[in-house]
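Visitor: this one's sequence-less:
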């Protein structure tokens, strides 16, 4: 258990709770902890499913803490993009069923961790977005690939290139989430669904999941390293520095397209 990720086991279900108030942002340590926890759960034959949720009422997760990138250090960018990719790809490869109980706003890396799961349950008051381009960055943890796989290229471009933030009903309509539930009930619904997994053969579930994902794994896997490489390259631009500083200074960014 990490100080920022709580682990609880209920019969054959593992519950991971992101606990980094006020917005459950990701840090290097939390990402490393997530990867290690999923690997441990992979080795626990008593665990058939995994549910991930956020602590508190407002946020599932707001993604990365932008203070990490305030220096514009490419080395930091390379390390963070690597640990982001390792953590979420490990989650995606979890042998059992992974369910995101999205209890609040899921932004940037907060949405990307949900995209890495097999199933997403969203509370009606929550909103989702991949707003990285607004601060001169890009989604580097599978967002460009996993979102397009789920909702198609058009909506992926609207969300990433145009910065559209979606309410729950629209997220359900386009297939970004599988279910919308009442406020405060996403974990409850996720546990009900996870309980159903116990009726399935864990070995069969693992094999079926591998086959279901096989159709997209080739092109996606090839794109993920490029995604991280391009993320790091952004740290050569003036707009990256301006975007992060503007966010931290709570002002509108002045883009120079360079």
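Guide: Looks like it arrived, so ask away. If you're wondering where the values come from, they're calculated on a predicted model, not measured in any experiment. Numbering: from 1, shown residues only.

Visitor: contacts, neighbours, all on C-alpha from now
Guide: Noted.

Visitor: name the helices or strands packed onto the helix or strand that contains residue 204?
Guide: Assigning secondary structure by DSSP states H and E places residue 204 in helix 202-233. Judged by 3 or more CA pairs under 8 Å, 6 or more residues apart in numbering; DSSP states H and E, helix 202-233 is in contact with helix 74-92, helix 143-151.

Visitor: quick check: what element follows the helix or strand hosting residue 51 along the chain?
Guide: Here residue 51 sits within strand 49-54, counting by DSSP H and E. Next in sequence after strand 49-54, counting helices and strands by DSSP H and E, comes strand 59-61.

Visitor: who touches that next one?
Guide: 18, 22-26, 53-54, 102-107, 109-111 (CA atoms under 8 Å, 6 or more residues apart in numbering).

Visitor: selection in ChimeraX covering whichever of these are buried, please.
Guide: Selection of buried members from these for ChimeraX, criterion 16 or more other CA atoms under 10 Å:
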select :18,23,24,25,26,53,54,102,103,104,105,106,107,109,110,111
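
Visitor: mark which of the contacts of strand 59-61 are part of helices, please.
Guide: Among the contacts of strand 59-61, the members found in helices (DSSP state H) are 109, 110, 111.

Visitor: where does the closest residue to the first one other than its chain neighbours land on pLDDT?
Guide: Okay, so that is residue 109. Nearest non-adjacent residue to residue 109, counting by CA to CA, 6 or more residues apart in numbering: residue 63, 3.8 Å away. At residue 63, the model reports a pLDDT of 91.

Visitor: wait, residue 65 touches residue 24, no?
Guide: No - the pair residue 65 / residue 24 is not scored as a contact, 9.2 Å apart, by CA atoms under 8 Å.

Visitor: picking that back up, okay, the helices and strands packed on helix 202-233 in JSON lines with mean neighbour count and distance to residue 178 next?
Guide: Shown next, in JSON lines, are these (neighbours: other CA atoms under 10 Å; distance: least, CA to CA, whole Å):
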{"stretch": "helix 74-92", "mean neighbour count": "20", "distance to residue 178": "17"}
{"stretch": "helix 143-151", "mean neighbour count": "19", "distance to residue 178": "10"}
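
Visitor: now mean pLDDT and distance to residue 247 too, for those, in JSON lines please.
Guide: JSON lines is the format used below for the helices and strands packed on helix 202-233 (pLDDT from 0 to 100; distance: least, CA to CA, whole Å):
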{"stretch": "helix 74-92", "mean pLDDT": "92", "distance to residue 247": "17"}
{"stretch": "helix 143-151", "mean pLDDT": "93", "distance to residue 247": "21"}
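
Visitor: switch those helices over to a markdown table; also include distance to residue 5.
Guide: Output for the helices and strands packed on helix 202-233, formatted as a markdown table (distance: least, CA to CA, whole Å):
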| stretch | distance to residue 5 |
| --- | --- |
| helix 74-92 | 13 |
| helix 143-151 | 21 |
